[in-house]
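Provide a 3D model corresponding to the input given below.
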Amino acid sequence: MRPELVLHAGPPASWDELSPLLRTALAGAAELEGLSVDELVLGAAQDFSSMAGGAGAITASTPVAVVEDATTGRRAFHFLMEGFGRALILGMTGDDVFERLRWLRDEAAPALEAALQELGGIDCDEIMVEALRRGDELHNRNAAATSMLAERLAPGLARAHVADDVQERLFTFLRGNPQFFVAVSLAASKLMLDAGHGVEGSTLVTAMGANGRDCGIKVSGLGDEWFTAPAETPDGPGAQAAGPSCGDSLLVECAGLGASVLPAAPALWPAVGVDEVRTREIYESTLGIALAEHPRYRVPVLGDRGAPVGIDVDRVVATGTRPVIDIVMIHREPGRGMIGIGLTSPPAACFGKARRKLGESSATDH
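Numbers count the residues shown, from 1 in each chain. Predicted structure coming up:
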């Protein structure tokens with residue numbers, strides 16, 4: 001990072017190409033950083049091994065969750081999750097929003113860092129495996145995972161002698177913010193798919209996100225090029241006022257989580273407007289365009305079947321089936337915040353463009 005750089009969701013874009021929602025959020029992030037909008041240099045978070053959920057952003061002073069592959073040393077990042085309600089991640093600004101962000105930066109993050117140093121890190125894969133068995137789908141429901149994370153942090157905070165009042169506010173925050181773990185599941189998804197990027201000829205989707213106007217994907221065998229098309233508006237309860245999809249969390253479903261394993265999270269079904277039959281349909285359709293079932297991420301209600309992981313561009317184009325994403329719907333007017341949770345898919349044109357480019361590359365090679 002450098003002082004003027006701000007990382008945002010979705011494919012790369014100029015300031016004028018971003019949606020009003022995302023411009024509002026990035027202006028808020030700049031204000032918090034002490035920068036003017038004119039000073040900002042924009043970057044797509046996924047081009048920096050990072051994730052920016054919703055309308056959130058990463059600036060030079062933003063505290064991030066760091067997920068590391070202990071074998072290779074690879075890392076991926078996501079900002080600490082503010083929660084729902086009045087939050088920058090939902091395109092909302094104001095003194096209350098900035099106060100929480102400053103607290104996360106100046107007090108919560110140092111306390112968490114001290115605890116993690118004492119603990120030598122936390123095995124997030126272990127938490128994710130268990131959370132799928134406890135009713136999370138690890139995109140828009142992370143209640144079990146957040147609770148397990150808090151349990152593991154507690155002894156580290158005590159050993160680090162973090163002040164009692166800081167611990168009390170931190171645990172109160174976690175209790176009221178069951179989505180806190182999503183920062184970890186998003187970063188873990190990025191880390192998994194980054195490991196498969198850059199393989200010659202590979203049709204694996206390794207990046208996917210939307211910026212409130214356009215949606216884009218990257219493909220393992222096509223380097224760092226984004227393939228974009230206008231983002232679709234999610235469908236769900238109250239969707240009439242929603243704007244086009246915004247956020248990097250679309251990638252979670254490519255790692256086999258979120259809507260791909262919605263049968264695991266019945267408590268989320270009413271919010272999304274689906275029933276068990278529909279969730280099983282999504283799982284089966286995703287299996288048809290995925291490269292494998294995850295060996296550890298399993299869903300008991302599906303007979304312990306594995307999560308469908310690794311979206312294949314070839315299979316998407318051949319079948320016409322697209323990944324289904326459960327996503328927070330944000331009001332199209334900046335400052336109005338969250339409407340609810342709905343379903344969306346990346347545009348078919350993204351996959352079509354990538355498939356044609358793969359064909360061109362193959363023809364050139366031969």
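
CA atoms for contacts and neighbours, from now on please.
Noted.

for stretch 108-126, how far is the first residue from the last?
Using Cα to Cα, to the nearest Å, the end-to-end distance of stretch 108-126 comes out at 24 Å.

which residues sit against it?
63, 67, 152-160, 162, 166, 170, 184 (Cα atoms under 8 Å, 6 or more residues apart in numbering).

now for the helix or strand V6 falls within, which elements pack on it?
Per DSSP states H and E, V6 falls inside strand 5-8. Counting contacts by 3 or more Cα pairs under 8 Å, 6 or more residues apart in numbering; DSSP states H and E, strand 5-8 is packed against helix 20-33, strand 41-44.

let me know which of these is the nearest to R141.
For R141, the closest of the helices and strands packed on strand 5-8 is helix 20-33, at 23.4 Å, according to Cα to Cα.

which parts of that closest one are buried?
20-30, 32-33 (16 or more other Cα atoms under 10 Å).

what segments of the stretch 101-250 of the chain are strands?
For the stretch 101-250 of the chain, the strands defined by DSSP state E, counting those that start in this stretch occupy 205-211, 214-219, 227-230, 246-247.

what sits up against the very next helix or strand once past the last one?
Remark: after strand 246-247, the chain's next helix or strand is helix 250-254, criterion DSSP H and E. Surrounding helix 250-254, the residues in contact under the criterion Cα under 8 Å, 6+ apart are 139, 185-186, 189-190, 205-210, 258-260, 309-311, 323-325, 327.

could you list the low-pLDDT ranges of the stretch 251-366 of the chain?
362-366 (pLDDT under 70).

in stretch 74-83, what counts as buried?
Buried residues in stretch 74-83, counting neighbours by 16+ other Cα under 10 Å, are found at R75, A76, F77, H78, F79, L80, M81, E82, G83.

so which of the residues you listed are in strands?
R75, A76, F77, H78, F79 (DSSP state E).

tell me which other helices or strands the longest strand anywhere in the chain touches.
Taking DSSP E as the criterion, the chain has its longest strand at strand 290-299. Applying 3+ Cα pairs under 8 Å, 6+ apart, one finds that strand 290-299 contacts helix 124-133, strand 305-311.

what angle do the shortest one and helix 124-133 make?
What that stands for is strand 305-311. On the basis of axes from the mean of the first three to the mean of the last three Cα atoms, to 10 degrees, strand 305-311 is oriented at 120 degrees to helix 124-133.

contacts for strand 305-311?
Under Cα under 8 Å, 6+ apart, the answer for strand 305-311 is 193, 204-205, 253-257, 260-261, 283, 286-287, 289-299, 323.

report the central residue of this protein.
S249 (2.6 Å; Cα atoms, centre = their mean).

show me the contacts for the closest residue to that one other than its chain neighbours.
Leaving aside its sequence neighbours, S249 sits nearest to G53 (Cα to Cα, 6 or more residues apart in numbering; 5.3 Å). Contacts for G53 were tallied using Cα under 8 Å, 6+ apart; they are A9, H78, I89, L186, C246, G247, D248, S249.

top of those residues by neighbour count?
The most crowded member of those, judged by other Cα atoms under 10 Å, is C246 (35 neighbours).

that residue pairs with what?
Bridge pairing for C246 (DSSP bridges) gives the partners N211.

pLDDT wise, what is it at?
Listed pLDDT for C246 reads 95.

looks like it contacts A9 (just checking).
Yes. Counting by Cα atoms under 8 Å, A9 is a contact partner of C246 at 7.0 Å.

who touches both of these two?
With Cα under 8 Å, 6+ apart as the test, C246 and A9 both reach G53, G54, A55, G209, A210, N211.

list the contacts for the fifth one?
With contacts taken as Cα under 8 Å, 6+ apart, A210 has the following neighbours: A9, G10, P11, G216, A231, S245, C246, G247, D248, L250.

do that again at 6 Å, thanks
Listed by Cα atoms under 6 Å, 6 or more residues apart in numbering, the contact partners of A210 are G10, S245, C246, G247.

what about the nearest residue in space to the last one that is not next to it in sequence, which helix or strand?
Nearest non-adjacent residue to G247, counting by Cα to Cα, 6+ apart: G54, 3.9 Å away. Element membership of G54 [criterion: DSSP H and E] is none; it lies in no helix or strand.

sorry, back to before: among the ones in strands among the buried residues of stretch 74-83, which one sits closest to M338?
Relative to M338, the closest of those is F79; by Cα to Cα it sits at 18.7 Å.

count of neighbours near the closest residue to that closest one other than its chain neighbours?
Excluding the flanking residues, the one nearest F79 by Cα to Cα, 6+ apart is V64, at 4.1 Å. Using other Cα under 10 Å, V64 is surrounded by 22 other residues.

wait, doesn't V64 sit right on E82?
No. Between V64 and E82 there is no contact under Cα atoms under 6 Å: 11.6 Å.

identify the contacts common to these two.
With Cα under 6 Å, 6+ apart, V64 and E82 have no common neighbours.

buried stuff in stretch 117-132?
Buried residues in stretch 117-132, defined by neighbour count with 16+ other Cα under 10 Å: E118, L119, G121, C124, I127, M128, V129, E130, A131, L132.

how near is S50 to I325?
Per Cα to Cα, S50 is found 19 Å from I325.

and G247, by the same measure?
For G247, the distance to I325 - Cα to Cα - is 11 Å.

quick one on the thing from earlier: what two of the contacts of stretch 108-126 are the furthest from one another?
Using Cα to Cα, the two most remote members of those are V67 and V166, lying 23.9 Å apart.
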